[in-house]
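Chemist: Generate a structure from the sequence data that follows.
(chains A and B)
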Amino acid sequence: MGLNEMHAEAIAGVVDRVINRYRRDPTCMLQILREVQEACDWIPPEAIDRMQAMLGVPRTKIEGVAGFYSFIYTEPRGKYRVLFSDNITDRMQGNRALMERLCNNLWVERGKVSEDGLVSVGKTACTGLCDQGPGMLVNNYAIAGLSAQRIDEIAELIRNKVPLAEWPPAYFKIEDNIRRADILLNADFKPGEALLAARARAPSDGLNSSNMRSWREGLPSGIGGPGATLDEIKRANLRGRGGAGFTTGLKWEACRNAQLKAGHQRIVVCNADEGEPGTFKDRVLLSKCPDLVFEGMTVAAYAIGATRGFVYLRGEYRYLLDHLNAVLANRRRENLLGKDICGLPGADFDIEIHVGAGAYVCGEESALIESLEGKRGTPRNRPPFPVTNGYLDQPTIVNNVETFAAAALIALKGGEWYAGIGTKHSAGTKIISVSGDCARPGIYEYPFGVSIRQVLEDCGATDTQAVQVSGPSGICVAENEFDRIIGFEDIPTAGAFTIFNKTRDMFEVARNYVHFFQHESCGFCTPCRVGTSLLKNLMDKLHYGSGSPYDFAEIEKLNNLLQSMSHCGLGHTACNPVLDTIAKFRPAYDKRMMQQDFTPAFDLDRELSAARQMTGRDDAAAHLATEHGGQS
Amino acid sequence: MSHTFTLDGKVIPFVDGQTIIQAASAAGVFIPHLCYHPEFKPHGSCKLCTVKVNGRHTASCTMRAAPGMVVESETEEINAERRALTQMLFVEGNHFCPSCEKSGNCQLQATAYHLGMMSPHYDHFFPNRAVDASHPEVLLDFNRCILCSLCVRASRDVDGKNVFGLSGRGIKTHLIVNAKSGQLADTDFTLDDKAAQVCPVGVILKKRRGFAVPIGERKFDKAPISETADTTEGR
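Modeler: Prediction:
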C-alpha cells in the first residue's frame, strides 16, 4: 500500500466525522473538502463517493468545487506538499534557487510528485510573508525566512518522514514586524468596551440613520444605540480598507434597510482573504488584535441588526485558525458573542471562520460569498448587490479586516474623533505593508495623507526606482511621483507597498504580475479567461527576446479589451501593471523588442528544451545557434 | 408596465424585469450572443452580447432594461471587441470547421461570420482534450467546448439530473460529467434530455447522424445568424 492510499472504510470514516461536524450542510462544502484533505492528504474518489451520499449533492458539484481551488487536490500530491511563494518579492529574495535546491535534494521535479509519493514541490501566489521571505507553505502551514540551510534541513525532515507537527517550532514563527503603530495598532482597548459604548450611545440630532430596524426587532423598542452607532460610522467618514473605498456607513445602512424575507437574517462578513500580492497587514491585525476585529464585526451586527457573522480567512493563513477560534471561544465565555450579548436581551450574534483554499478571486466580495456558500468562487452578476442579496440571498455586508478594526474604535471613541485624523477626504489611518528593497520591511500605520517619499524614508529605502502601491491591481509609482500621497483623493491602497530599487527590471515585475493574474483568473468570462493567457504569452515572448513592436501593439489592444469586457475587477485590473510600466518604464520594454519587424513566435532552440531535459544535456552541441538568443 | 429605451437610436419597448437582450430580440433586433438562451437563466459569461449602456460596457443578457437607457450595440468599436472575443474562443479550443459535423449549424461559426472574422488572429493554444465516445448514442467532443454552461443549466434546471458541471479554474476550466469514471455512459444522460439539445457548438453530438444534412443546406448556410429568429437549434 502506497503512502497516499487509505482504505475506503477509513476514508468514509474521516468524511463522516467531518461532515457531521458541519451538520451535513452542503454550504460548508469547501470547509469539508479542506478538512478531509487535512486527514487524507488529498481528496480520493472514495471520499467524493461518501460526500455525495452524505450531503446529497451531485458529484459534478463536488468535483467542480474541488477543481476550482488551488489547495484542494483530486490527485495525490504527496504526504508533504511544499509550495514556494512566488511573489516578485520572493523572487527578489532568491526563491527560485531555493526551490531548485529543494528539488535537487529530494530528487523531485518541480510541479510533480516524487516517485515514492512522499513529496511534491511547486509554487503558489504570494503567501503574505513578503517582509520575511522567501516564504513557503508545507501542507498549508506557513514557513518564513527560508535560507539554503533551512531548505537542507527541511529536505532532511521530509526524507526522514518526520511529521509536520514535530518540525522545529521556530520554522513556523511568523513575525509581526510592526515598525510604526498609530490608533489601530496602538489601541488601548479592552474587549467589550466598544460594544458597551455603542449600546450607551443615544440617538443624535445629526445624521439620523433610520431606526426602523434595530438589533433586531427583538430589541426593546426605543433603544437608540444601533442607529446612533451607524451615525457615528457615517460621521467618521470611514471608507472601506480593502481597496475599493466604498463608504462604510452607506453600505451598512443599505443592508440595515434591506427587506428581510421570512426566515432570513442579516449577515456580517469579514474579508480576510488578503490575496493581493505584497499585502500582509490583515495577517498582522488578526495575529496582534483579533479582539478589535471581532468587536468591530459585533458593532456592525449591532448597528445593522445582523445575527450571523463569518470571517473568510485565506488558506495561506491557516496557521492563525486555532488561535482565532480560541479568541472567539473566549469572547463567547465573556458574553461578547452568543445570546443576549452584554446582557442586552435579543442581542444575538456569533462568528464562524471559514478558511479559503488558494483562490485570489475570492477576495472579490460576491465571489467570496459564493465560496462561503460552498461553491466555486465565481463573481456574481450584479446588481443585485450583497447588501440586499448576499449570503444565501440574505442582506450581507462584506468589509475588510482593517475596516472592522477601525469601526470598533469609532464605536468607542466617536466619529468626530476619527474624522479628525488623516485628511479631509480620507479619514483615519491606513496600515501599509512595506516590502521589497528597503532596510526595514514590515507594517507601518500612518494617518492618511502620508507621502510615498515619507514612507520610503521611514523604511530605509534608497535608490528607489518605483513603488507598486496596492499590489498588481493598484498603481506603479515612479520617482517623479514620490510626493504623491496615500489617500482616496490621490493614491488609494489596500495596503501593499512594494519597493523596487534601480537594479530591478520593471518589465520582469510586470511579467510576474501578469503570470499571477493568469493563474488566478476564475475562468468564468471569455475576455479574462483567454485574455490573461494571451497577455502572459506575449509578455513571455518579449522576455525570450522574440518580441517586436507588433507584439507591443497587441498587448495594448488586449489591455483595452480586458478593461472594457471583463466580468469583474480581476480582469479590469489585470493589465494595470503592464499599462503602468509601459507608460513609466518604456525602456525596459524597448530593449526587449530585439526585432523591429517580423519575429517568429516559434523558437526551435527553446522547443528543444524538453529534449535536453530528458537527455540531461545542456552542452553547446545540444543547442541550436539562433539569430536572436534571448534568455530562457 | 411598458416603457422604452433606445438601441442604436431605435426605440425599443420593454416590460419591467426584461433584460436588454430580451427586449431587443422581442423587437426583432439581433445582439450577438453564445451563452445566452431565452429559455434559461442568463449566465453572462461569454460577453459576446456586451453593449454600451449610457457609455458603459455591460452584458445585455444580465442587465435589466430601464426607461430612457441609451444603448449602443452595432458600433465599429463594440463589434471589433466582439470579434476579438470570438477569436479568443476559437484559439482557446480546437475548432476545425471543415471537418466538424456542426459546421453550418454552429452558433460560434455563424457568429464569426456575422462579425466578419477573417482569421483566428491569436496563436492557437492547441489544448489536449480527450473525446468521450462511451455513450451508445452521444459523442462528447470537448475540443469544441466554449464553456457557455448551457448543458450544465439544462441538465440541472430542466432535466433535474446534473449530468454536466464545470471544474478547474481559469484557462483550465473544463466540462465534467456526473460519473466517478468521468464517462458519459456511466451517467443517466439520454437523448431526450434538454441538455442534449442546447449545445451551441459541436460538443454534444448524436452518433450515427453525421452529415445527414449536407453542408451548404444547413441552418446558417441559408440565412445569417442575425436573420435567424431562433438561433438556438432544436435538433
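
Chemist: does residue A:513 really touch residue A:577, like I thought?
Modeler: Yes: A contact is recorded between residue A:513 and residue A:577 when judged using Cβ atoms under 8 Å, the distance being 4.0 Å. Every residue, glycine included, has its C-beta placed from N, CA and C.

Chemist: what about stretch B:59-72, start to end distance?
Modeler: Its start and end residues considered, stretch B:59-72 measures 12 Å (Cα to Cα, to the nearest Å).

Chemist: What's the mean pLDDT across it?
Modeler: Average pLDDT, stretch B:59-72: 96.

Chemist: Equivalent analysis for stretch A:17-24, please.
Modeler: The model assigns stretch A:17-24 a mean pLDDT of 97.

Chemist: Likewise for stretch A:185-192?
Modeler: Mean pLDDT, computed over stretch A:185-192, is 93.

Chemist: ok, now stretch A:478-485?
Modeler: For stretch A:478-485, the mean per-residue pLDDT is 97.

Chemist: So what touches that stretch?
Modeler: For stretch A:478-485, the surrounding residues in contact (Cβ atoms under 8 Å, 6 or more residues apart in numbering or on different chains) are A:423, A:448-453, A:456, A:464-467, A:477, A:490-491, A:584-585.

Chemist: gap between that stretch and the chain center?
Modeler: On the basis of Cα atoms, centre = their mean, to the nearest Å, the separation between the geometric centre of stretch A:478-485 and that of its chain is 27 Å.

Chemist: okay, how far is it across that stretch, tip to tip?
Modeler: Between the start and the finish of stretch A:478-485 there is a gap of 13 Å, counting by Cα to Cα.

Chemist: Now do the same for residue A:311: helix, strand or coil?
Modeler: Put simply, residue A:311 is strand when judged by DSSP: H, G, I helix; E, B strand; the rest coil.

Chemist: hang on, the earlier thing: buried subset of the contacts of stretch A:478-485, written for PyMOL?
Modeler: Selecting only the buried members of the contacts of stretch A:478-485 in PyMOL, with burial defined as 16 or more other Cβ atoms under 10 Å in any protein chain shown, works like this:
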select buried, chain A and resi 423+448+449+450+451+452+453+456+464+465+466+467+477+490+491+584+585
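
Chemist: helix/strand/coil for the residue nearest to residue B:106 when sequence neighbours are not counted?
Modeler: Setting aside the residues directly before and after it, residue B:106 is nearest to residue B:201 in space (Cβ to Cβ, 6 or more residues apart in numbering or on different chains), at 5.5 Å. Classification of residue B:201 using three-state DSSP returns coil.

Chemist: Next: the one 4 residues further on.
Modeler: Judged by three-state DSSP, the three-state class of residue B:205 is strand.

Chemist: Need the residues touching each of residue A:513 and residue A:577.
Modeler: Shared contacts of residue A:513 and residue A:577, defined by Cβ under 8 Å, 6+ apart, comprise residue A:472.

Chemist: List the contacts of the helix or strand hosting residue A:583.
Modeler: Assigning secondary structure by DSSP states H and E places residue A:583 in helix A:576-584. For helix A:576-584, the surrounding residues in contact (Cβ under 8 Å, 6+ apart) are A:466, A:468, A:472-476, A:478, A:506-507, A:509-510, A:513-514, A:535, A:539, A:552, A:555-556, A:559, A:588-589.

Chemist: Could you export the longest helix along chain B as PDB, keeping only the C-alpha atoms?
Modeler: For chain B, the helix reaching the highest residue count under DSSP state H is reported as helix B:76-92. The C-alpha coordinates for helix B:76-92 follow below in PDB (Å, rounded to 0.1, in the frame of the first residue of the first chain):
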ATOM      1  CA  GLU B  76     -17.500  49.500 -35.100                       C
ATOM      2  CA  GLU B  77     -15.900  49.600 -31.600                       C
ATOM      3  CA  ILE B  78     -18.200  47.100 -30.000                       C
ATOM      4  CA  ASN B  79     -18.200  44.700 -32.900                       C
ATOM      5  CA  ALA B  80     -14.300  44.800 -33.000                       C
ATOM      6  CA  GLU B  81     -14.400  43.800 -29.400                       C
ATOM      7  CA  ARG B  82     -16.900  41.000 -30.000                       C
ATOM      8  CA  ARG B  83     -14.800  39.800 -32.900                       C
ATOM      9  CA  ALA B  84     -11.700  39.600 -30.600                       C
ATOM     10  CA  LEU B  85     -13.700  37.600 -28.100                       C
ATOM     11  CA  THR B  86     -14.800  35.200 -30.800                       C
ATOM     12  CA  GLN B  87     -11.200  34.800 -31.900                       C
ATOM     13  CA  MET B  88     -10.300  34.100 -28.300                       C
ATOM     14  CA  LEU B  89     -12.900  31.300 -28.200                       C
ATOM     15  CA  PHE B  90     -11.500  29.900 -31.500                       C
ATOM     16  CA  VAL B  91      -7.900  29.700 -30.300                       C
ATOM     17  CA  GLU B  92      -8.700  28.500 -26.800                       C
END
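
Chemist: hmm, it in reach of chain A?
Modeler: Yes: against chain A, helix B:76-92 shows contacts by Cβ under 8 Å from any Cβ of the partner chain at B:81, B:84-85, B:88-89, B:91-92.

Chemist: Show me what counts as buried in the helix holding residue A:583.
Modeler: When neighbours are counted by 16+ other Cβ under 10 Å, the buried residues of helix A:576-584 are found to be A:576-582, A:584.

Chemist: Could you pull up the residues touching residue A:139?
Modeler: If a contact means Cβ under 8 Å, 6+ apart, then residue A:139 has A:38, A:80-81, A:164 as its contacts.

Chemist: Need the nearest residue in space to whichever residue of chain B sits closest to chain A, chain neighbours excluded.
Modeler: Closest approach between chain B and chain A, counting by Cβ to the nearest Cβ: residue B:165, at 2.9 Å. Taking Cβ to Cβ, 6+ apart, and ignoring the residues beside it in sequence, residue B:165 has residue A:60 as its nearest neighbour in space, at 2.9 Å.

Chemist: what does residue B:113 give?
Modeler: Leaving aside its chain neighbours, residue B:113 sits nearest to residue B:224 (6.5 Å; criterion: Cβ to Cβ, 6+ apart).

Chemist: burial measure for that neighbour, as a count.
Modeler: Taking other Cβ atoms under 10 Å in any protein chain shown as the neighbour definition, residue B:224 ends up with a count of 13.

Chemist: Hmm, it is touching residue B:115, no?
Modeler: No: contact status for residue B:224 versus residue B:115: not in contact, 10.7 Å apart, counting by Cβ under 8 Å.
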